[in-house]
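>>> Build the 3D model from these lines:
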Amino acid sequence: MPDIKTPKRLLELQQWFGSIISRPIDEESRINPTSPSGQAIEEEASYFITPSPTLKPHQRVEIYNQQYWWRLLSILHDIFPLVTRLFGYRDFNQVIGFPFLSKYPPDTWTLNSLGARLPEWIENDYQASDKGLVTNASRIDLAYNDDFVAAGYPPLSVDDLPSPEEVASLLSKTLYLQPFVTLFDMEYDLFTFREEMLCQDPDHWLKNDFPELKKDKHYYFTLFRNRKNNVIWEQVDEGEYFLLNLFAEGATIEGAIEQLERTRPDLAEMIAASLAAWFQKWALRGIITLHDPS
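Numbering: from 1, shown residues only. Purely as a prediction, here's the structure:
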């Protein structure tokens, strides 16, 4: 096919338009009065955009500027419902949304991955005293989004589990955690807190106290997509978390037991007593596979 060159005037218009609509709107959703070139937007817009019967050139491009940001911010609200409720819509946009999207604008056709780097951005750029809480909230919110669409491989089923006399056949097989499972350990029960927060609209929490965040012990959780394609969570024992964390990297039962005896002998008795029941549960949920996800 012949190489079709973009007309210079069209290229200038596209580049200018992109530079304008991707600049953050202000708190009143107005366009930046100064263009990237330093010229007043009211003057510069007339060079690229013709007026309509009711709107001046800069007012016409302002509509696209608003729609660009409203759309992206709305997606972040949907992906990060707990983080949005910690701040409220306005403060989330100003403190999180605008600075994050300015540093990491969308770079792919699918907006499902728009917030993929938000936990990283919070870790590096957000400096308030509640940084740890906000980071963990963003990790959980993102995991709900990612686990829903993550790949799944043929699971280890109940039928695959050996009888007691054949259990040795499974000990040397490498087991993996399904990609739609995410593990969490933290110093508070952020999952119950999240459920209670999501019962109310973000603006509700601007005038009401947050629910209690339990901090009475160390907590371990699994978040996974069930067979009905719902993403759900469960609080688990430290021993179950320990094993699932090993399977996340790929491990045999023999290797897991060896590492357990070497690094966490205090968990050995509890794991030995619960292992059969755990495997039954994991098989029913389909969260363990013999397929290497990597």
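>>> Please parse the chain into its domains.
If you go by automatic domain parsing, the domain ranges for the chain are 1-77, 80-149, 153-294.
>>> any idea which helix is longest in this protein?
Longest helix in the chain, counting residues (DSSP state H): helix 57-79.
>>> got the contact list for that helix?
17, 20-25, 29-31, 41-42, 44-46, 48-52, 55, 84, 89, 92-93, 96-98, 100-101, 106, 111, 114-115, 118, 141-142, 145, 202 (Cβ atoms under 8 Å, 6 or more residues apart in numbering). C-beta: built from backbone N, CA, C; applies to glycine.
>>> So Tyr220: helix, strand or coil?
Using DSSP: H, G, I helix; E, B strand; the rest coil, the structure places Tyr220 in strand.
>>> ok, the closest residue to it other than its chain neighbours to Phe98 distance?
By the measure of Cβ to Cβ, 6 or more residues apart in numbering, the closest residue to Tyr220 outside its immediate chain neighbours is Tyr241, 3.9 Å from it. Using Cβ to Cβ, to the nearest Å, Tyr241 is found at 37 Å from Phe98.
>>> same question, Tyr89
Taking Cβ to Cβ, one finds Tyr89 at 12 Å from Phe98.
>>> Tell me the bridge partners for Met186.
Tyr219 (DSSP bridges).
>>> Can you report how many residues neighbour Tyr89?
Using other Cβ atoms under 10 Å, Tyr89 has 17 other residues around it.
>>> which residues sit in contact with it?
His77, Pro202, Asp203.
>>> at 6 Å what do you get?
Pro202 (Cβ atoms under 6 Å, 6 or more residues apart in numbering).
>>> Now do it against Pro105, distance only.
Distance from Tyr89 to Pro105, by Cβ to Cβ: 21 Å.
>>> which residues in the stretch 51-200 of the chain form helices?
57-79, 81-87, 89-91, 98-103, 118-125, 131-149, 168-171, 190-197 (DSSP state H, counting those that start in this stretch).
>>> how far is the longest helix of the chain from where the chain is centred?
21 Å (Cα atoms, centre = their mean, to the nearest Å).
>>> before we move on, what about stretch 262-275?
32 Å.
>>> Quick one: classify Glu212 as helix, strand or coil.
Once three-state DSSP is applied, Glu212 turns out coil.
>>> tell me the pLDDT at Val167?
We have a pLDDT of 53 for Val167.
>>> burial count for the nearest residue to Phe184 once chain neighbours are set aside?
Closest residue to Phe184 apart from its sequence neighbours, by Cβ to Cβ, 6+ apart: Phe221 at 4.4 Å. Phe221 sits with 19 neighbouring residues when counted by other Cβ under 10 Å.
>>> Could you list which residues are in contact with Phe221?
Contacts of Phe221 by Cβ under 6 Å, 6+ apart are Phe184, Phe191, Trp233, Gln235.
>>> check which helix or strand covers the closest residue in space to the second one that isn't next to it in sequence.
Spelled out, that is Phe191. Leaving aside its chain neighbours, Phe191 sits nearest to Trp233 (4.9 Å; criterion: Cβ to Cβ, 6+ apart). Assigned by DSSP states H and E, Trp233 belongs to strand 231-235.
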